[in-house]
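> Sequence and predicted structure, then a few things I'm wondering about:
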Amino acid sequence: MNYLEGLNQPQQDAVKHSNGPLMIIAGAGSGKTRVLTYRTAHLIEKGVDPFQILLLTFTNKAAGEMRQRVEKVIGNDAKNLWMGTFHSVFAKILRFDGKHLGYTSDFSIYDTDDSKSLIRSIVKERGLDDKIYKPNVVYNRISGAKNRLIGPDEYVTNPIIAADDVAAKLPEMGKIYKIYALRCFQANAMDFDDLLYNTNILFRDHPAVLDKYQRKFKYVMVDEFQDTNVSQYLIVKKLSDISQNLCVVGDDAQSIYAFRGASIDNILNLEKDYPNMTTIKLEQNYRSTQNIVEAANSIIAKNKNQLKKTVFTENEEGSLIELVKASSDNEEGRLISTHIFESKMNLGLRNTDFAILYRTNAQSRTFEESLRKLNIKYRIIGGLSFYQRREIKDLLAYFRYTINQNDEEAFKRIINLPKRGIGDTTIAKLTITAAEQQIPIWEVIANIKQYQTGRLSDTIEGFADLIKSFKIMVDSKKKDAYEVASHIAKSSGLLKELHEDKTVEGLSRYENVQELLNSIKQFVDDPDTGVEEKNLNTFLQTVSLMTTADQDDPDGDNDRVTMMTIHGAKGLEFNHVYVVGMEEDLFPSQMMLQSRQDLEEERRLFYVAITRAEKKLVMSYAETRYQWGRLKPCEPSRFLDEIDPKYLQFAKNIRKAVEDTQRLPQGFVKMSNREQKMPDFGTSNNPTPTNILIQRPNVARPQVVGNTYKPSSDFAPSDTKNLAEGDRVEHLKFGFGKVKKIDTNGTDRKATIQFEGSIGEKTLLLSFAKLRIL
DNA sequence: TGTGAGGCCGTGGGT
DNA sequence: CGGCCTCACA
């Protein structure tokens, strides 16, 4: 039990507690993952069979990290733990027992895009206006209902919901929900919410099944419990009903996902459901300086809806929180980038020590530009994940359709891809025939000659034969997942089509598909994924629930400043943290306040942002900001007033001083105007940096070539007339380079550019290239 | 079938 | 403004 050493008393209590309900309230930076890991190890050491322990997380990443850490402590036994995300664990259970609800074990999983696409079809088919019945809105309402365990039948009969829908001017919602649920069922598909909803239904209607799992899982643990929704909570509650060995870990102060259905009441009211519950509070913060911890406390203290706790630290006092005022969003970018540059110089830090956190993704642009100008490498977390990319979804749709021909969304994606001349009209005809004959569309396609003759029937037969041949390949089990997948990628024509596309986008699409195939190879070769049979079906099952990109940078250079939304930063920590855009209506977000009237969740979000910082916290705001083309005046965020001013100071280390004191929030001091001296470079302590400021000539606004890519203020299709061999250029993604060769080929004009660094040579079609001539 | 002009919309995000 | 989508037109 040597791992108990180095744990503080509450941490030890939590690790040693093994029977009965337990709630661990873990403040930011209090070592909650450690406690969870050791508690698991402790249970196993006391003789609990790893097969009887269920450990639930929210993200694949968290699950992966947890598994690694548990493995380190207890070794091979960790493989036998049931550990994973809510969705993956219950998808597994539904593959075993979904037959009780009418699903086969190879049901498809619809991701958000599939769901919205299905909703769009339904709205159109019913002749409704998709400007009113926006797929996004409809999806969120259906999702909200499922998360509260309201099925379609209850939804249509509940007068309160009906009234609410009428008030929202969406009277047809109930009908859409009903059809949506039916279509998913007919497609043998579940959306993300169904994985939880159906598990609840399964446990409710089939007591024998519930009993089986209640006996199996003697110990249930939930990480990030503050983010569970009602549906998830009811599952864990049912599972631990007999054993009562439910252990949840969370921090109500970091509950920031109410907008997508998480219920903070789950953690606030847990004691009502479990009167015998032990509550342990982890209040010592090991991450941040005193100033940061106390400033964070002073913010969260304003919230009424919370559990009482006092987070403290024994770390050094640290420096004050710096406040940067900028005159515009562009200047904010420059000031922050300069601050990073100078901190790097003065403190000898690496790029990875810094993070810029913002409220909305749209704010990243000015920081990108200013960091690039200082030659500081950055990476942006967020945006489209790997598995959401078109080309990846296309290939996965082929896999899905090969395995499940009822998968309507997969069918829609691939029927005319690559182009076969099967358009909307043909699909409509097929659908009508299928409805008339009361058979699935696949039956019509597979036997098309019985129903239809003519030119198109040959094409359709060709498609059907293609799928049939894939199916035979999968069913024969002679080839592994990688061989089948490469075969499908090739014979479907997808790979060929991408290979012929020589634009930058085309190249990267081709590379992405190759990367997907590589990951399938890895899946096949990896001996310990815990998957028994490595076929296409099992790969698809794992991959359907993998949605985050988490890929390292392709060029292997991982020393980068991290930029992301505050939501994305939960669970991470950085030496220096910049919380930018501290303006009223932006943070706290105006929409959040209008639609949810929930200032407290915004405040918790601010708490999360502050507590990411280990040593230094800098906040900035701009007095004006470009928004949708207009320059908008901004007020400093009310959150700045809420921090005790004794923790704040104006930034000293930035070269451009702030002058105006007029609109300073109360209690702020005016900062001095002194110019920061640049360090003396070239001494032994301070070697000349290679990446010092780049002087850039003024460039005339580039000519617009077509509107495929509209020009932004700085990057645009280059002036194809003026670009010449030998020119120095800057590319939005690849950075700086030199034009080696220019080819004109019909209307296409291509430039081969040698880029600096490890990027190498790229040939770009100039009408798509995001280039600037230097 | 592909292109380009014009319209619309704009929060947060894992599964 | 910028990204995405649609629709008209070649």
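Noted; the coordinates are in hand.
> and the helix or strand harbouring A:Gly462, average pLDDT?
With the criterion set as DSSP states H and E, the secondary-structure element containing A:Gly462 is helix A:455-476. The predicted model assigns helix A:455-476 a mean pLDDT of 88.
> who's in contact with the helix or strand following that helix?
Stepping forward along the backbone from helix A:455-476, the first helix or strand reached (DSSP H and E) is helix A:481-491. Under the criterion Cβ atoms under 8 Å, 6 or more residues apart in numbering, residues A:395, A:398-399, A:402, A:466, A:469-470, A:473-474, A:479, A:495-496, A:513, A:516-517, A:520-521, A:523-524, A:534-536, A:538-539 lie in contact with helix A:481-491. (Glycine included, C-beta is placed from N, CA and C.)
> Contacts for the helix or strand just after helix A:481-491 next, please.
Later in the chain than helix A:481-491, the nearest helix or strand by DSSP H and E is helix A:494-500. Helix A:494-500 is contacted by residues A:Glu391, A:Asp394, A:Leu395, A:Tyr398, A:Leu417, A:Pro418, A:Ala489, A:Lys490, A:Gly506, A:Arg509, A:Tyr510, A:Val513 when judged by Cβ under 8 Å, 6+ apart.
> got a winner among those for most neighbours?
With neighbours taken as other Cβ atoms under 10 Å, the top of the contacts of helix A:494-500 is A:Leu395, carrying 25 neighbours.
> what about the stretch 1-150 of chain A, any weak spots by pLDDT?
Counting by pLDDT under 70, the stretch 1-150 of chain A contains low-confidence residues at A:1.
> Helices of that one, start to end?
Assigned by DSSP state H, counting those that start in this stretch, the stretch 1-150 of chain A shows helices spanning A:9-16, A:32-45, A:60-74, A:86-97, A:112-125, A:135-147.
> any idea of the angle the second one forms with helix A:9-16?
Read that as helix A:32-45. Using axes from the mean of the first three to the mean of the last three Cα atoms, to 10 degrees, one finds that helix A:32-45 and helix A:9-16 are set 40 degrees apart in direction.
> any idea how far helix A:32-45 is from the chain center?
When distances are taken as Cα atoms, centre = their mean, to the nearest Å, helix A:32-45 is centred 27 Å away from the chain's centroid.
> ditto for the shortest one
If you compare the mean C-alpha spot of helix A:9-16 with that of the full chain, they lie 33 Å apart, counting by Cα atoms, centre = their mean.
> Write the ChimeraX selection for whichever of the contacts of helix A:481-491 are buried.
ChimeraX command restricting the contacts of helix A:481-491 to the buried ones, with burial defined by 16 or more other Cβ atoms under 10 Å:
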select /A:395,398,399,402,466,470,473,474,495,513,516,517,520,521,523,524,534,535,536,538,539
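> Next, count neighbours for the residue nearest to A:Leu196 when sequence neighbours are not counted.
Nearest-residue entry for A:Leu196: A:Ser231, 4.4 Å, with adjacent residues in sequence omitted and distances by Cβ to Cβ, 6 or more residues apart in numbering. For A:Ser231, the count of nearby residues is 22 (other Cβ under 10 Å).
> same deal with the one 5 residues further on?
Other residues near A:Val236 come to 22 when the count uses other Cβ under 10 Å.
> what sits against A:Arg126?
The contact partners of A:Arg126, taken as Cβ under 8 Å, 6+ apart, are A:Glu172, A:Lys175, A:Ile176, A:Ile179.
> Just give me the closest of those residues to DNA strand C.
Comparing the contacts of A:Arg126 against DNA strand C with Cβ to the nearest atom of the strand picks out A:Ile176 as the nearest, at 17.8 Å.
> Low-confidence ranges, the stretch 601-750 of chain A, go.
By pLDDT under 70, the weakly predicted segments of the stretch 601-750 of chain A are A:629, A:652-722, A:730-735, A:744-750.
> With just CA atoms, put stretch A:624-644 into PDB.
What follows is stretch A:624-644 as a C-alpha-only set of coordinates in PDB (Å, rounded to 0.1, in the frame of the first residue of the first chain):
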ATOM      1  CA  THR A 624     -13.600  47.700 -29.800                       C
ATOM      2  CA  ARG A 625     -14.100  44.600 -31.700                       C
ATOM      3  CA  TYR A 626     -14.900  43.700 -35.300                       C
ATOM      4  CA  GLN A 627     -18.100  41.700 -35.400                       C
ATOM      5  CA  TRP A 628     -19.700  40.700 -38.600                       C
ATOM      6  CA  GLY A 629     -18.000  43.500 -40.500                       C
ATOM      7  CA  ARG A 630     -18.800  46.300 -38.000                       C
ATOM      8  CA  LEU A 631     -16.600  47.800 -35.400                       C
ATOM      9  CA  LYS A 632     -18.400  47.400 -32.100                       C
ATOM     10  CA  PRO A 633     -17.600  49.200 -28.900                       C
ATOM     11  CA  CYS A 634     -17.200  46.900 -25.900                       C
ATOM     12  CA  GLU A 635     -17.600  47.200 -22.200                       C
ATOM     13  CA  PRO A 636     -15.200  45.300 -19.800                       C
ATOM     14  CA  SER A 637     -16.800  42.100 -18.500                       C
ATOM     15  CA  ARG A 638     -18.600  42.300 -15.200                       C
ATOM     16  CA  PHE A 639     -16.500  39.300 -14.100                       C
ATOM     17  CA  LEU A 640     -13.500  41.700 -13.900                       C
ATOM     18  CA  ASP A 641     -15.400  43.600 -11.300                       C
ATOM     19  CA  GLU A 642     -16.200  40.500  -9.400                       C
ATOM     20  CA  ILE A 643     -12.500  39.600  -8.800                       C
ATOM     21  CA  ASP A 644     -11.100  41.100  -5.600                       C
END
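> Which residues does it contact?
Contact partners of stretch A:624-644, identified using Cβ under 8 Å, 6+ apart, comprise A:294-295, A:298-299, A:302, A:321, A:323, A:325, A:327-330, A:581-588, A:602-603, A:606, A:619, A:621-623, A:648, A:663-668.
> Same check on stretch A:507-519?
Where contact means Cβ under 8 Å, 6+ apart, the residues beyond stretch A:507-519 that reach it are A:386, A:389-392, A:395-396, A:482, A:485-486, A:489, A:494-495, A:498-499, A:501, A:762.
> Is there proximity between that stretch and DNA strand C?
No. Contact of stretch A:507-519 with DNA strand C (Cβ under 7 Å from any atom of the strand) is absent, the minimum separation being 14.0 Å.
> returning to what we had before: for the residue nearest to A:Leu196, what are its contacts?
The neighbourhood of A:Ser231, defined by Cβ under 8 Å, 6+ apart, consists of A:Lys146, A:Asn147, A:Arg148, A:Leu149, A:Asp193, A:Leu196, A:Tyr197, A:Asn200.
> from the residues you listed, which is closest to DNA strand B?
Out of the contacts of A:Ser231, the one with the shortest distance to DNA strand B is A:Asp193. That distance is 6.7 Å, counting by Cβ to the nearest atom of the strand.
> Contact partners for the nearest residue to that closest one once chain neighbours are set aside?
What sits nearest to A:Asp193 in space, not counting adjacent residues and going by Cβ to Cβ, 6+ apart, is A:Lys146, at 4.0 Å. In this structure, A:Lys146 makes contact with A:Asp193, A:Asp194, A:Leu196, A:Tyr197, A:Ser231, judged by Cβ under 8 Å, 6+ apart.
> quick one on the thing from earlier: show the buried residues in the contacts of A:Ser231.
Among those, those scoring as buried are A:Lys146, A:Asn147, A:Leu149, A:Asp193, A:Leu196, A:Tyr197, A:Asn200 (criterion: 16+ other Cβ under 10 Å).
> Let's see if you can find the most crowded of the contacts of A:Arg126.
A:Ile176 leads the contacts of A:Arg126 on contacts (other Cβ under 10 Å) with 22 neighbours.
> Off-centre distance for the helix or strand hosting that residue?
Assigned by DSSP H and E, A:Ile176 falls within helix A:173-186. If you compare the mean C-alpha spot of helix A:173-186 with that of the full chain, they lie 27 Å apart, counting by Cα atoms, centre = their mean.
> next one: stretch A:512-519
20 Å.
> still on that earlier bit, from the contacts of helix A:494-500, which has minimum pLDDT?
In terms of pLDDT, A:Gly506 ranks lowest among those, with 73.
> I'd like the distance between that residue and A:Leu307.
A:Gly506 sits at a distance of 53 Å from A:Leu307 (criterion: Cβ to Cβ, to the nearest Å).
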